[in-house]
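Q: How does the following fold in three dimensions:
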Amino acid sequence: MDTVDARGLLCPEPVVLAQKAIKSAPAEITILVDAMAAKENVTRFANSRGYEVEASEKDGEYALKLTKK
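A: Residues are numbered from 1 along each chain as shown. The predicted structure is shown next:
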């Protein structure tokens, strides 16, 4: 599983990094973000590309597990 660390980055950078990771069509990717806006934007983008998103939060940071539908 690929992991993309987008913590500390402002939008649209987390979405751009997610887009680059999705290009190789992996079955699972984890995207790490630390802002609610980035969580929401990456989730919307991933859903539009056919990925289900499972989010977990710890200490204000989010781990978004993207799984191909």
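Q: Can you tell me the element the residue most central in space within the chain falls in?
A: Nearest to the geometric centre of the chain sits Ile31, at 3.7 Å (CA atoms, centre = their mean). Element membership for Ile31, per DSSP states H and E: strand 28-33.
Q: Each with direction, which strands does that strand pair with?
A: Strand 28-33 pairs in its sheet with strand 2-5 (parallel), strand 61-68 (antiparallel), by DSSP bridges.
Q: and among the ones you listed, the most buried is which?
A: Of all the strands paired with strand 28-33, strand 61-68 carries the top mean neighbour count, a mean of 18, counting by mean count of other CB atoms under 10 Å. (Glycine included, C-beta is placed from N, CA and C.)
Q: contacting residues around that strand?
A: 7, 18, 22, 25-34, 36, 38-39, 42-43, 46, 50-57 (CB atoms under 8 Å, 6 or more residues apart in numbering).
Q: in the helix or strand just after the strand holding Ile31, what's buried?
A: Using DSSP H and E, the helix or strand that follows strand 28-33 in sequence is helix 36-48. For helix 36-48, burial by neighbour count (16 or more other CB atoms under 10 Å) applies to 38-39, 41-43, 45-46.
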